[in-house]
Every structure is written in C-alpha cells, then in structure tokens.
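> return a 3D structure for these sequence lines:
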Amino acid sequence: GGTPFYTYMWANQDSVVSYSNILTVTPTVNSTYTLTVTDANNCTAVSQPVTITLNPPLNIRAVTTSYDTICPGTGAIINVEAEGGNGGPYTLTIDDGSIVPAPFTITLDTTTMVHITLSDMCGTTPVSDSILINVRPNPDTLFTTSEIAGCAPFSVRFMPFHTADQTLWEFGDYGFSDALSPTHIYKDEGTYSVSLELVDIFGCHFYKTYNNLITVYPKPKAMFETDPQLTGMLDSEIEFINYSTGAERYYWFFGDNDSSLFENPRHTYRRIGEFEVMLVAESDLYCRDTSIRNVTIQNEFAFYAPTS
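Predicted coordinates:
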C-alpha cells in the first residue's frame, strides 16, 4: 500500500537500530523490535512489536559415574545432567568426536579424563565438563620369588606385587595354593612354569604365567661302605668305598676330628671307640647329600678274646 518509494526504520525499546528493510540482530537479552514504514507522501505504518526471547545458557549440572575406578577393558557408565538452551533434545560429544546418549558407557584401558561437550539444536553456545575415570593398572610383573634356582628339595616363597583380595597359584608341578604369599617345596629336579591369577580389592582379575621360572637341580646320592666296619687297634686302618652318584666333590669326616677330600680314602684310627663317619657328596651345581655310618675300633683283647 501507500505510494512508493518507502523508507524503513527499525527500533527497539532503547533506540533506532536500522534503516534497512531487512533487520538482522544478535541480542544478548530479551528484546522487542518495531518497524515503521514511511511512503513518498509521508504516510506511515507501524508494525506489531516483535519480541525475541533468548534461551538460557546451556549448563551441565552434574557429571556422575557408576564407578570412578574400573578394571582394564571394562566399562564405566557416565551420566550427564543438562539444562538450558532450547530445553532439549541435547547433543553430547566426547573426546573422539563420538556423539553419545545420556547415560553412556565408555570402555578404557588407562586412567583417562573424559571430556563432554553439551550443545543443542538452536545454536546456543556449547559448554563442556569432564570427569576422571581411574583404571587399575595392568601390571607387567604380577609377582616375584625369593629364589629361582636351587637344589632339590627346593623351597621357594612367592610374593604378589599388588594388594590382592584373592589369589590362585599354580606351581607347575601339579601343586596349587590360594594363600596370599605361599611357600612351595619342589621335590624333583626339573624346570617349572608358575602362574598367578589375582583378584584385587576392586574385583579386577589379573593373570600372569612365567614360563620356565623355577629350575630345580638334581640332588646327588651319597653312599659308602667301610672295610672293615669292626677292627682292633693293631690293624685300625679303614678303607672307605664310595658308591655315591651324581657328585663331583666329596667331604669325609671320620669322627675323630680328622677329614679327607679324596673320593675313596683310607684312614687309621689312633684310639679305640665307636666313630660316626659322615660323607658329604656335592654335585657340580653345589647340591649336597649326606650319608653316615659307624665304625668301631675295639681293644685288642676284646677283639681277639678266645671263646673257650
């Protein structure tokens, strides 16, 4: 209507904001605008007021999780409480760019700060928040031992590196234990793999096998005979015949404060009595076995006493 040409004036409650026929505004508060149109004859028309109501800022009220400490490779449930903006539906974006619902489940292998960005579909300025999810470390070394090699029978104490609620040990010789820090005796020579399944105080399961961890050396067998076992002072030399196996070194103790390192020694006793002779046989790996026999040196009169 009216007579062309027209002039335009946009105004809000405070001032004139534009003389264009098109008005683009980015208010920071709720605002009302009116348009006044004037034609060539100075006739005017005023539009109905146009009120632009701004949405409130987006806000993340809370980020919570079912468990703030989880096991490696397991999931944590994260819930996000949001408000503001256009009132929803909202979009939640996490670090890798994935869009997730609320609540959502995230699977982690290491302790991670999870960042969440909240946006709506109305162009409201996005906001972010974060939550730390602790992941129990997956240890490279699960346990240690007091020793790893020795002679049969070989006693070994096993000790976990981590605080455990439950343990199950497998010693490689068909032996098992559920003790926290057990001691196990290996009776036979050989090489043994050891495994530990551990459940920590958070319920996390860890399992580790160390192949060929324990080496048990063979034990020599000490054996000997005496020739003779009973004799008198006139012929008090005793021959010791060594039948030991698996040994490289021999330590003889004759019971009269004398000793020898020979394999098959001879020894002369200087007094009468009963003497405990001990042979210690030692292997090339320093494993030992002991054998003990008694020899008797009698008074000659008792040794040769006639029977009639």
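> dump the residue contacts of Asp284.
Glu248 (C-beta atoms under 8 Å, 6 or more residues apart in numbering). Where you see a C-beta, it was placed from the backbone N, CA and C, and this is true even at glycine.
> rerun at 10 Å
Residues near Asp284 by C-beta atoms under 10 Å, 6 or more residues apart in numbering: 217, 220, 246-249.
> that one should be in a strand, yeah?
No - secondary structure assignment (DSSP: H, G, I helix; E, B strand; the rest coil) places Asp284 in coil, not in a strand.
> pull out the buried positions in the one helix or strand Val277 maps to.
In this assignment (DSSP states H and E), Val277 forms part of strand 273-282. Judged by neighbour count (16 or more other C-beta atoms under 10 Å), strand 273-282 contains these buried residues: 275, 277-282.
> returning to that earlier point: taking the contacts of Asp284, please make a ChimeraX selection of just the buried ones.
Selecting only the buried entries of the contacts of Asp284 in ChimeraX, with 16+ other C-beta under 10 Å as the criterion:
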select :217,220,246,247
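> how about low-confidence regions in the stretch 51-200 of the chain?
Applying pLDDT under 70 to the stretch 51-200 of the chain picks out no residues at all.
> select the longest strand from the chain.
strand 205-217 (DSSP state E).
> burial check on Met153, number of neighbours?
That one is not Met; residue 153 is Pro. Using other C-beta atoms under 10 Å, Pro153 has 11 other residues around it.
> do the one 10 residues further on as well
Neighbours of Thr163 under the rule other C-beta under 10 Å: 10.
> shouldn't it be in contact with Leu198?
Yes - Thr163 is in contact with Leu198 according to C-beta atoms under 10 Å; the separation is 9.4 Å.
> quick check: neighbours shared by the two?
Leu180.
> okay, Asn21 and Pro218: tell me how far apart.
104 Å (C-beta to C-beta, to the nearest Å).
> do the same with Val46
Applying C-beta to C-beta, the value for Val46 to Pro218 is 111 Å.
> the more surrounded of these two?
Taking neighbours as other C-beta under 10 Å, Val46 and Pro218 compare with Pro218 leading, 15 against 11.
> contacts only, for the nearest residue to that one once chain neighbours are set aside.
The shortest distance from Pro218 to any non-neighbouring residue, by C-beta to C-beta, 6 or more residues apart in numbering, is to Glu189 (4.1 Å). When contacts are counted by C-beta under 10 Å, 6+ apart, Glu189 touches 151-152, 154, 215-219, 246, 287.
> same thing but 6 Å
152, 216, 218 (C-beta atoms under 6 Å, 6 or more residues apart in numbering).
> okay, and Ser195 sits in which element?
Assigned by DSSP H and E, Ser195 belongs to strand 190-200.
> which positions within that strand qualify as buried?
Buried-residue list, strand 190-200, by 16+ other C-beta under 10 Å: 192, 194-198, 200.
> low-confidence ranges, the stretch 201-308 of the chain, go.
For the stretch 201-308 of the chain, the ranges with pLDDT under 70 are 301-308.
> strands of that one, start to end?
205-217, 224-227, 230-232, 237-242, 249-253, 259-260, 266-268, 273-282, 288-298 (DSSP state E, counting those that start in this stretch).
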